[in-house]
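Visitor: Generate coordinates for the sequence data below:
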Amino acid sequence: MEKILYRAEERGRADHGWLRAWHSFSFANYYHPEKINFGVLRVLNDDFIAPGGGFGEHPHDNMEIVTIPLSGSINHKDSMGNDILIREGEIQVMSAGSGIFHSEFNPSPTKELNLFQIWIIPDKRNVTPRYSQVSIKQLECKNDFFQIVSPEEHDQGAWIHQNAWVSMGVFDENVTVNYSVKDKCNGVYLMVVEGEIELDGVVLKRRDAIGLKGSQRINLKSLATSKVLLLDVPMNI
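Guide: Sure thing, here's the model as predicted:
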């Protein structure tokens with residue numbers, strides 16, 4: 001098994017006043033030749049958006065974009081006619097496909113918004129743009145991983161145009177859990193959202209991440225109350 005360690009403090013950083021962002025992979029003005037992607041996982045941004053701040057209208061195409069508010073809410077508008085609020089406990093998936101314009105703002109006058117924005121390279125190009133939003137609160141399963149994104153339209157959570165799965169886990173202290181990789185050609189990118197875990201002898205703390213290639217089963221132990229994000233993604237682009 002090949003392991004790639006991504007420490008939280010080694011991520012790219014940007015501070016625009018209204019936006020503080022940490023980039024797990026090369027993005028915008030941050031470039032690292034060894035951190036371009038992990039398989040089809042192209043972007044994982046940890047954004048903190050000030051009250052009233054946000055991204056004005058801008059285009060995307062041929063990318064599967066997953067947005068997960070961790071605290072606060074985000075207002076999404078797009079060229080498909082959507083004008084929707086995404087709250088903590090929900091996820092948004094946008095298949096940019098043949099092209100779309102959208103904007104995203106923090107509607108709160110007082111509360112900072114923290115979200116993960118994830119870009120996954122699709123397995124189909126120029127599809128019809130699509131928007132979906134799913135509550136994940138009802139999917140949560142304590143002390144185990146629960147699926148929030150998959151390749152199947154009628155599967156649990158949202159779906160995307162790629163043979164990739166996204167799961168989250170909320171664990172009490174001193175819990176051991178296993179995860180079976182969905183496809184033998186896939187790797188696993190795992191980030192500790194909060195807390196502390198041990199995986200294959202490596203201790204990971206808040207916002208630390210690890211990429212695993214060539215393993216079909218992942219075993220981890222929570223060393224504290226923890227929340228974990230796991231992406232099971234194809235390694236061949």
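Visitor: tell me the domain ranges of this structure?
Guide: 12-137, 138-234 (automatic domain parsing).
Visitor: distance between the longest one and the chain's centre?
Guide: Distance, stretch centre to chain centre, for domain 12-137: 9 Å (Cα atoms, centre = their mean, to the nearest Å).
Visitor: a markdown table for the domains of the chain, including mean neighbour count, distance to residue 1 and mean pLDDT?
Guide: The way it works is simple: take the backbone N, C-alpha and C, and place the C-beta from them, glycine included. As requested, the domains of the chain are exported to a markdown table (neighbours: other Cβ atoms under 10 Å; distance: least, Cβ to Cβ, whole Å; pLDDT from 0 to 100):
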| stretch | mean neighbour count | distance to residue 1 | mean pLDDT |
| --- | --- | --- | --- |
| domain 12-137 | 17 | 15 | 97 |
| domain 138-234 | 18 | 4 | 96 |
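Visitor: Dump those to JSON lines, plus distance to residue 2.
Guide: Shown next, in JSON lines, are these (distance: least, Cβ to Cβ, whole Å):
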{"stretch": "domain 12-137", "distance to residue 2": "11"}
{"stretch": "domain 138-234", "distance to residue 2": "4"}
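Visitor: Quick one: closest of these to residue 3.
Guide: Each of the domains of the chain was checked against residue 3 via Cβ to Cβ, and the shortest separation belongs to domain 138-234, namely 5.9 Å.
Visitor: got the contact list for residue 157?
Guide: 91, 134, 136, 139, 147, 148, 149, 150, 166 (Cβ atoms under 8 Å, 6 or more residues apart in numbering).
Visitor: so the second one is in which element?
Guide: Same thing as residue 134. Secondary structure assignment for residue 134, by DSSP states H and E: strand 130-135.
Visitor: packing partners for that strand?
Guide: Here strand 130-135 is seen to pack against strand 83-87, strand 90-95, strand 158-159 when contacts are counted using 3 or more Cβ pairs under 8 Å, 6 or more residues apart in numbering; DSSP states H and E.
Visitor: For the last one, which outside residues touch it?
Guide: Counting by Cβ under 8 Å, 6+ apart, the neighbours of strand 158-159 from elsewhere in the structure are 66, 91, 93, 132, 133, 134, 148, 149, 150, 151, 152, 153.
Visitor: For residue 134, see how far away the third one is.
Guide: To tie it back to what came earlier, the one meant is residue 93. As defined by Cβ to Cβ, to the nearest Å, residue 93 lies at a distance of 8 Å from residue 134.
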